[in-house]
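# What follows is a predicted structure for the sequence shown.
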Amino acid sequence: MHSKDQICHEDYQRTADWLLSQTQHRPKVAIICGSGLGMLADALKCQDSFKYSDIPGFPQSTVKGHAGRLVFGELKGKTCVYMQGRFHMYEGHSLSKVTFPVRVFKLLGVETLIVTNAAGSLADSYNCGDIMIIRDHINFPGLAGLNPLNGPNDDKFGPRFPPMSGVYDKSLRKMAFDICKSMGVSQYVQEGVYCMVGGPNFESIAEARLLHKLGVDAVGMSTAPEVLVASHCGMRVFGLSLITNKVVKSYEDNESVNHEAVLEVSKMRSETLQALVTELISRMDINNNTA
Ligand SMILES: O=P(O)(O)O[C@@H]1C[C@H](O)[C@@H](CO)O1
């Protein structure tokens with residue numbers, strides 16, 4: 001480790017080597033579970049799980065609804081690793097720490113990253129409990145210069161100036177839509193633009209109106225940095241937002257959001273999301289390696 005915030009290739013490699021020495025699983029798919037969505041990992045067979053506090057170099061989760069465990073296992077013949085709990089910038093982590101697991105996954109051999117999150121909706125047609133397939137994102141901290149790729153570029157992971165168009169894989173988005181249709185849940189499935197804000201506060205009404213005008217469909221406090229780093233190192237990316245609340249846009253509205261309500265809605269849709277993610281992974285074209 002060079003300085004508090006700078007992480008070098010050997011740091012990622014050390015954590016990856018430790019994990020490879022602790023489990024026989026060799027995952028090709030990684031799933032990051034959003035707030036209250038840790039149970040997505042319950043579908044895994046032959047689980048090997050590790051508390052973040054036991055993994056050398058791993059940051060720690062501090063947010064309720066983020067258990068802080070890495071779970072390896074098999075899903076319909078595909079080897080996966082699930083993060084039960086992610087790291088957010090507002091917890092005080094640097095963006096290199098927030099995205100540390102993504103580069104570790106790359107070194108484990110992961111080729112596809114699935115990100116999930118809880119988000120508030122701006123789109124008028126969305127309802128609480130809707131599932132939004134992420135088509136694209138707006139990375140507000142990134143636009144303001146807070147980027148996990150800041151600093152010397154590590155060419156072993158990817159280029160200095162990575163493109164960020166077409167990052168959310170089109171064929172996986174289509175596959176997800178088809179699965180939702182066959183599950184009979186299309187009526188509450190949307191596709192839209194996710195916007196990352198820094199948090200931890202929820203949006204003021206004026207901020208909500210701004211985001212709405214900008215064409216944001218759903219807003220949250222994560223995901224963009226992980227997606228950026230995954231795409232930089234050549235991973236295929238798919239993302240889902242669970243709409244846990246409608247963002248208040250009117251001064252006449254007396255509603256307000258809180259984290260408990262977010263977790264409550266996550267729980268309500270957990271089974272559907274688990275079925276969707278499981279079926280998506282089972283239909284993916286992946287060659288499994290064995291240890
Ligand atoms: O980890 P995610 O993005 O799902 O968490 C969202 C954003 C905040 O961390 C929290 C607010 O309730 O949920």
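That came in fine, so what should we check first? Residues are numbered from 1 along each chain as shown.

# Against the ligand, how distant is Lys174?
24 Å (C-beta to the nearest ligand atom, to the nearest Å). All C-beta atoms are positioned from the backbone trio N, CA, C, and that covers glycine.

# And for that residue, the neighbour number?
Burial of Lys174 is recorded as 12 neighbouring residues (other C-beta atoms under 10 Å).

# Give me the contact list for stretch 202-212.
Applying C-beta atoms under 8 Å, 6 or more residues apart in numbering, the contact partners of stretch 202-212 are 120, 122, 195, 197, 219, 247-251, 256-257.

# so Leu107 touches Tyr12, yeah?
Yes. Using C-beta atoms under 8 Å, Leu107 is in contact with Tyr12, at 5.7 Å.

# From the neighbour counts alone, determine which of these two ranks first.
Looking at Leu107 and Tyr12 with other C-beta under 10 Å, you find the greater number of neighbours at Tyr12, namely 22 against 19.

# Tell me how many other residues surround the residue of the chain found nearest the ligand.
Minimum separation of the chain from the ligand (C-beta to the nearest ligand atom) falls at Gly34, amounting to 2.8 Å. Look at Gly34: counted by other C-beta under 10 Å, it has 28 neighbours.

# So it sits against Met132, correct?
No. Counting by C-beta under 8 Å, Gly34 stays clear of Met132, with 11.8 Å between them.

# which residues do these two both contact?
241-242.

# Where do the helices of the stretch 1-150 of the chain begin and end?
When assigned using DSSP state H, counting those that start in this stretch, the helices of the stretch 1-150 of the chain occupy the ranges 9-22, 95-98, 100-108, 140-143.

# Dump the first one to PDB, restricted to CA.
As requested, C-alpha coordinates have been extracted for helix 9-22 and formatted as PDB (Å, rounded to 0.1, in the frame of the first residue of the first chain):
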ATOM      1  CA  HIS A   9      -1.800  -3.800  -8.000                       C
ATOM      2  CA  GLU A  10      -0.200  -6.000  -5.400                       C
ATOM      3  CA  ASP A  11      -2.800  -5.000  -2.900                       C
ATOM      4  CA  TYR A  12      -5.600  -6.300  -5.100                       C
ATOM      5  CA  GLN A  13      -3.500  -9.400  -6.000                       C
ATOM      6  CA  ARG A  14      -2.900 -10.200  -2.300                       C
ATOM      7  CA  THR A  15      -6.600 -10.200  -1.500                       C
ATOM      8  CA  ALA A  16      -7.400 -12.200  -4.600                       C
ATOM      9  CA  ASP A  17      -4.700 -14.800  -3.800                       C
ATOM     10  CA  TRP A  18      -6.000 -15.100  -0.200                       C
ATOM     11  CA  LEU A  19      -9.500 -15.800  -1.500                       C
ATOM     12  CA  LEU A  20      -8.200 -18.300  -4.100                       C
ATOM     13  CA  SER A  21      -6.400 -20.100  -1.300                       C
ATOM     14  CA  GLN A  22      -9.600 -20.300   0.900                       C
END
